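Trainee: Mind folding the following:
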Amino acid sequence: MSVDELAALVRTIPDFPKPGIQFRDVTTLLADRRGFADLIGRMARIAAPLDPEYVIGIEARGFILGAALAHVLGAGFVPVRKAGKLPGRTVGMDYILEYGTDRLELHEGQVPAGARVILIDDLIATGGTALAAAQLLREQGASVLMALFAVDLPDLGGMAALEADGIATSAILAFPGH
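Mentor: This is a model prediction of the structure:
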């Protein structure tokens, strides 16, 4: 598939969740077996040379992409979840959103110090959630090799913010606007 064919599988929903937002919905891409396989293949070609031990998926669509990518790479998969969703002892990171605060957590000790990890999510906008996840992983002693996304919204500056924090980034697709 070409990148244009892959991008055509991402549905745009205008004015969601509020007026003026063009929501980029990857569930339509995930539902297309050729598109999903192509997306994971492209991500694997970027990630494989880094030889990660773990793929860290951000809730929720990052779980889908992350688990598939971890399988292809022969790596472990670890979910980073919203607060209160994991049953065991957790470590967490609070972060600021445009309308308040939120918290990300992972199971304590699940990512050992020195682990080589790749962070993955479906979309990067302003980068706040990805930055918080990377900081949480770094506090556990992990080496964040890269943050990898299906979709980048470059006008919102999330990848630039990650790169300014010393995190390599890559995205398969990019859409203008927000």
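Trainee: Contacts for the longest helix along the chain next, please.
Mentor: Looking across the chain with DSSP state H, the single longest helix is helix 33-47. Outside helix 33-47, the residues that touch it by C-beta atoms under 8 Å, 6 or more residues apart in numbering are 1, 5-6, 9, 29-30, 55, 65, 68-69, 72-73, 118, 120, 146, 148, 150, 170, 172. Where you see a C-beta, it was placed from the backbone N, CA and C, and this is true even at glycine.
Trainee: What about the protein, which residue is the most distant from its middle?
Mentor: Distance from the C-alpha centroid of the chain peaks at residue 19, with 24.8 Å (C-alpha atoms, centre = their mean).
Trainee: ok but that one is inside a strand, no?
Mentor: No - under DSSP: H, G, I helix; E, B strand; the rest coil, residue 19 sits outside any strand and is assigned coil.
Trainee: Any figure for the gap between it and residue 38?
Mentor: 33 Å (C-beta to C-beta, to the nearest Å).
Trainee: Now do the same contact list for the residue nearest the centre of the chain.
Mentor: For the chain, the residue nearest the mean C-alpha position is residue 121 (1.7 Å; C-alpha atoms, centre = their mean). By C-beta under 8 Å, 6+ apart, the residues touching residue 121 are 57, 58, 61, 62, 65, 129, 130, 147, 149, 150.
Trainee: neighbours of the closest residue in space to the last one that isn't next to it in sequence, just the number please.
Mentor: It stands for residue 150. Of all residues not flanking residue 150 in the chain, residue 122 sits nearest, at 4.9 Å (C-beta to C-beta, 6 or more residues apart in numbering). Other residues lying near residue 122 total 24 when counted by other C-beta atoms under 10 Å.
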